[in-house]
Structures are given as C-alpha cells and as structure tokens.
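S.K.: Coordinates for the following, if possible.
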Amino acid sequence: MSSVLIDPGQTANTAKDEIANIPGVSLETMDRAQVMLVGSANMDLVVRTHHFPLPGETLQGIGFQTFPGGKGANQATAIGRLGGRVGLVAKVGADPFGDQLIDSLQLSGVDTSSVLQDSAAPTGVALITVDDSGQNMIVVAPGANSLLTPKEVDQSLSGAQFSVLLAQLEVPLESVIYAASFAEGRVFILNPAPAREVPNELLCRVDYLTPNETEARFLTGILPSDDATCLACAEVLLSRGVRNVLFTLGPRGSFLANETGGRHFPTIDVATVDTTGAGDAFNGAFAHFLASGEAIERAITLANIVGALSTTKNGAQASMPTLEEVLSRAL
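M.R.: Numbers count the residues shown, from 1 in each chain. Down below sits the predicted model:
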C-alpha cells in the first residue's frame, strides 16, 4: 500500500455502486437495503464513580443503572433508531434479562425472530464502570452468547434478504466464520471487538474491518495515533486479505485505508457524558448508510456523527440518536 492520502474524489462512489461491482449482487437486491447482524446481546450493569479503582481498592459508587447492551444488540439498535431495516442473530437466556433485551430491540424496530432464548445459560451481562470524564472499563460475562452455534447462524441467515452483513467477536469465533460464508454477493463488515486473534480465513472475507485503537494495536502491534501510523497499521491488515480498514478513533473521528492510500474523517465536538457503545453506534450507522446507498465518504461522516452523539447520554442503546438528530448536525 502506498503511503499517500486518498483524494476525496476517489471515495465519491456510492455504496450501491460499490456493492453492485461484487459478483452476484444486483441493484434490485440492493433496494431491499437491509442489514443482518450476528452478535451478542447483554444486560449492562453500570456503576458511575469519580475515578477508576486501583487494584485492591474499593470505591463508593455514585449510582447504579441497568441498560440493554451487547455489541450486536447495540449495533442493531443504532440501525433501528436511524429507521433502517435490520435483523439480529443472537442468543440470550430464558430469564428476565433476556425478555427485557428482546422487548428493547423490538421497541427500536429490530427484527428479533432470530434472537434465540436458551435455558442452558443465563443472559450475558457486562459490568461497566464509568468515571467523571465519561470513559469506561468493561468486563463481560458472555452467558448464552457463548452458545450461539454455526447451525443456528445457518438457520437464521439462509434465505434471508440482506445486502450488508455485520458481525463482532462477542459470540463464538466459529459462528462468526460461518456467518462470513454468507458474505458472497454482499458487503461484510467485521468489528473485531473485543480484541482477540482473528484468523486469515475470516479476514480474507472482510470488506470493511473496523477496529478501534486498542483492537488495531492488538492485531498489528501498531497504535494508530496519526495518519502515518494508521497507514502502517492498515498495511499489516490489508496484507492479510482485508479490503478496507476503517479505524474508529474516538474524538479524532475515523480513518479509512485501502490499497490506494488513506483518508482521515474528523467528527463533531460534543459534551461527552458516557462513551459506552460509541463504537457500536458508529458501526451500526456505517452499515446502515452503506445499505441505504449513501456515498462512502458521507456514510463515514454520518457514522462519525452518530458515534459522537451517542456519547452525550448515559447507556449504550439508550443513547443511540435518531436520524433527525443526526441530520441536524450534518448540515
């Protein structure tokens, strides 16, 4: 990959044009503009505190709340709040948390016909601490998420009508790899979170890999702290078969890189309250705007705005903005 920045004109093609160039895709299929996700659903247990505890330290929390969460459910909710057509393949427990998660998804317009309930394990939970600056620390107990099987993915995706497939790494890797077999003729976005080793057999199917700084450094050993390091980091991932790398950089926005070079996309300034779910907001929005036929550069710009606005409220799914809120900041 050449170490140059992409000229804006080079990314001005629409997502519909991009997808239509993939063998087996027709514009008729694109008109369905649906996103399918394979991912997790958790209940977030959130405690606010002035600062994070040191090892062995006990702190007095400021307050406690529960919020529907999980990367798959968060990203699906982001799409639903934007008015997109979206379905989620996931597994929760046959328990009150599982019931609440399904209800929350349905209220956001998510098709939950493939959200399975399993009595063999509890619904996954995420233990989240948020400090005064809005930064967070998270520990996840996956519960039923760890029981989602390739067979169940097959039953959910076979015959489904969708143009974009979005997945993360909070469900078994073999199920994500199997889901990727449905990427032919579609755009496949992989959010490699949480950070873990990803085999080349999965990466070579990825159209857009969307790591944050921590995940990018885990995968490559390079921290994408500026344009030059983003390009260097992307070069490693592109050499493993990824077609495009789209780094999420928090308040610095995002950076798109491919074999022609790279381009930085700044985001808007907001008063941050809670960063939980900001990356999920970005990923869901990016998938939605791609499926809706927006130009690639505008899809990224709008996804940046969605991610930024999601940090202005508490909770992951509860903070996802509507399309009206996003467009009011995009003018």
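S.K.: Low-confidence regions, this protein specifically.
M.R.: Flagging of the chain using pLDDT under 70 yields the residue ranges 1-33, 331.
S.K.: Spit out the contact partners of Tyr178.
M.R.: Contacts here follow CB atoms under 8 Å, 6 or more residues apart in numbering; on that basis Tyr178 touches 150, 153-154. Any C-beta I mention is one placed from the backbone N, CA and C, and that applies to glycine too.
S.K.: who wins for most neighbours among those residues?
M.R.: Val153 (25 neighbours; other CB atoms under 10 Å).
S.K.: Ala180 is in contact with that one, correct?
M.R.: No - in this structure, Val153 is not within contact of Ala180 by CB atoms under 8 Å, at 9.9 Å.
S.K.: nearest residue to Asn258 other than its sequence neighbours?
M.R.: Nearest non-adjacent residue to Asn258, counting by CB to CB, 6 or more residues apart in numbering: Asn244, 4.6 Å away.
S.K.: from what I can see the one you found touches Asp207, true?
M.R.: Yes - using CB under 8 Å, Asn244 makes contact with Asp207 at a distance of 6.3 Å.
S.K.: Do I have it right that Ala318 meets Thr66?
M.R.: No - using CB under 8 Å, Ala318 is not in contact with Thr66, being 10.5 Å away.
S.K.: Among these two, which residue is more densely surrounded?
M.R.: Higher neighbour count among Ala318 and Thr66: Ala318, with 18 against 13, using other CB under 10 Å.
S.K.: Contact partners for that one?
M.R.: 67-68.
S.K.: any idea how far it is from Val306?
M.R.: The gap separating Ala318 from Val306 is 14 Å, by CB to CB, to the nearest Å.
S.K.: Spell out the residue ranges of the strands in the stretch 51-200 of the chain.
M.R.: Ranges of strands in the stretch 51-200 of the chain, per DSSP state E, counting those that start in this stretch, are 63-69, 85-93, 110-111, 115-118, 124-130, 136-141, 164-167, 187-190.
S.K.: want to try CSV for those, with distance to Glu325 as columns?
M.R.: Listed next are these as CSV, based on distance: least, CB to CB, whole Å:
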stretch, distance to Glu325
strand 63-69, 19
strand 85-93, 18
strand 110-111, 19
strand 115-118, 26
strand 124-130, 22
strand 136-141, 22
strand 164-167, 22
strand 187-190, 23
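S.K.: rewinding a little: if I pick the residue nearest to Asn258, what's in contact with it?
M.R.: Contacts for Asn244 (CB under 8 Å, 6+ apart) come out as 207-209, 256-258.
S.K.: likewise Leu169?
M.R.: Contacts of Leu169 (CB under 8 Å, 6+ apart): 176, 191-194, 196, 198.
S.K.: hmm, back to that, so which of the strands of the stretch 51-200 of the chain comes closest to Gly250?
M.R.: Evaluated over these, closeness to Gly250 peaks at strand 136-141, with 11.9 Å, by CB to CB.
S.K.: what's next to the closest one, contact-wise?
M.R.: Contacts for strand 136-141 (CB under 8 Å, 6+ apart): 42, 52, 124-130, 170, 194, 274-276.
S.K.: Buried residues, it. List them.
M.R.: 136, 140 (16 or more other CB atoms under 10 Å).
S.K.: Report the distance from it to the chain centre.
M.R.: 16 Å (CA atoms, centre = their mean, to the nearest Å).
S.K.: What of stretch 78-94?
M.R.: 12 Å.
S.K.: next one: stretch 188-201
M.R.: Centroid separation between stretch 188-201 and its chain, computed with CA atoms, centre = their mean, is 11 Å.
S.K.: ditto for stretch 321-328
M.R.: 18 Å.
S.K.: Give me the residues contacting that stretch.
M.R.: Contacts for stretch 321-328 (CB under 8 Å, 6+ apart): 81-83, 281, 285, 302, 305-306, 309-310.
S.K.: CSV please, covering those residues and showing distance to Ser119 and neighbour count.
M.R.: CSV is the format used below for those (distance: CB to CB, whole Å; neighbours: other CB atoms under 10 Å):
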residue, distance to Ser119, neighbour count
Arg81, 31, 26
Leu82, 34, 26
Gly83, 35, 13
Ala281, 32, 32
Ala285, 34, 30
Leu302, 40, 23
Ile305, 41, 23
Val306, 36, 31
Leu309, 38, 23
Ser310, 33, 32
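S.K.: tell me, how many neighbours does Glu325 end up with?
M.R.: 16.
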